[in-house]
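>>> could you look at this predicted model? Sequence included:
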Amino acid sequence: MSAVKVNIVIDINNVISVYSGKQGCMCGCNGNHRYHSIHKDLAAAGRGYDLDDSDISDLAVKRMVNKFNKAGVVTVDQKIDGTYSDYCYIDNNDTDRTNVIYFTNGSIANQVK
Ligand SMILES: [Zn+2]
């Protein structure tokens with residue numbers, strides 16, 4: 001996989017969840033995943049267990065989308081077959097933090113040309 005910097009406009013309707021934490025492991029031990037209520041069934045299926053209400057925050061999702069859209073440039077991973085990850089991220093090496101937005105299938109690929 002290779003990291004590619006892209007300039008995309010994120011549509012909040014395509015966002016399943018957002019993550020904020022320290023750089024490194026993203027299982028949740030270093031930060032928090034917050035889920036978008038409109039995709040909670042999809043998120044639960046992806047995780048394999050139900051979400052707690054406290055895991056769902058449309059406000060956190062909205063804030064993260066605004067942050068990414070303001071930043072403009074985000075990073076996506078391109079796979080060997082040329083397709084793109086269903087997430088994008090911003091690493092802040094000054095603060096040692098990483099933010100990630102996870103999308104419904106294919107919504108990044110539609111925007112990255
Ligand atoms: Zn972990």
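Everything's here; your move.
>>> element containing the residue nearest to the spatial centre of the chain?
The chain has I101 as the residue nearest its centroid, 1.2 Å off, counting by Cα atoms, centre = their mean. I101 belongs to strand 97-103 when assigned by DSSP states H and E.
>>> partners of that strand, with directions?
strand 15-22 (antiparallel), strand 87-92 (antiparallel) (DSSP bridges).
>>> quick one: contacts of the first one?
Here strand 15-22 makes contact (Cβ atoms under 8 Å, 6 or more residues apart in numbering) with 26, 28, 30-36, 39, 42-43, 46, 60-61, 64-65, 96-104. Every C-beta, even on glycine, is put in place using the N, C-alpha and C of the backbone.
>>> what is the subsequent helix or strand relative to that strand?
Past strand 15-22, further along toward the C-terminus, the next helix or strand under DSSP H and E is strand 31-35.
>>> what sits up against the helix or strand following that next one?
Using DSSP H and E, the helix or strand that directly follows strand 31-35 along the chain is helix 40-47. With Cβ under 8 Å, 6+ apart as the test, helix 40-47 has contacts from 16-17, 35-36, 50-51, 56, 104.
>>> need the next SSE after helix 40-47, C-terminal direction.
Downstream of helix 40-47 (by DSSP H and E), the next one is helix 58-71.
>>> who does that next one touch, helix- and strand-wise?
Where contact means 3 or more Cβ pairs under 8 Å, 6 or more residues apart in numbering; DSSP states H and E, helix 58-71 is packed against strand 15-22, strand 31-35, strand 87-92, strand 97-103.
>>> a markdown table for those strands, including distance to A71?
Formatted as a markdown table, those follow (distance: least, Cβ to Cβ, whole Å):
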| stretch | distance to A71 |
| --- | --- |
| strand 15-22 | 14 |
| strand 31-35 | 18 |
| strand 87-92 | 6 |
| strand 97-103 | 9 |
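>>> dump the C-alpha coordinates for the helix or strand bottoming out on mean pLDDT in the chain into PDB.
Least confident helix or strand of the chain, by mean pLDDT, DSSP states H and E, is helix 40-47 with a mean of 85. Output in PDB follows, covering the C-alpha atoms of helix 40-47 (Å, rounded to 0.1, in the frame of the first residue of the first chain):
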ATOM      1  CA  LYS A  40     -24.900   2.400  12.800                       C
ATOM      2  CA  ASP A  41     -26.100  -0.900  11.500                       C
ATOM      3  CA  LEU A  42     -23.400  -0.900   8.900                       C
ATOM      4  CA  ALA A  43     -20.800   0.000  11.600                       C
ATOM      5  CA  ALA A  44     -22.100  -2.800  13.900                       C
ATOM      6  CA  ALA A  45     -21.800  -5.300  11.100                       C
ATOM      7  CA  GLY A  46     -18.300  -4.200  10.400                       C
ATOM      8  CA  ARG A  47     -17.300  -4.500  14.000                       C
END
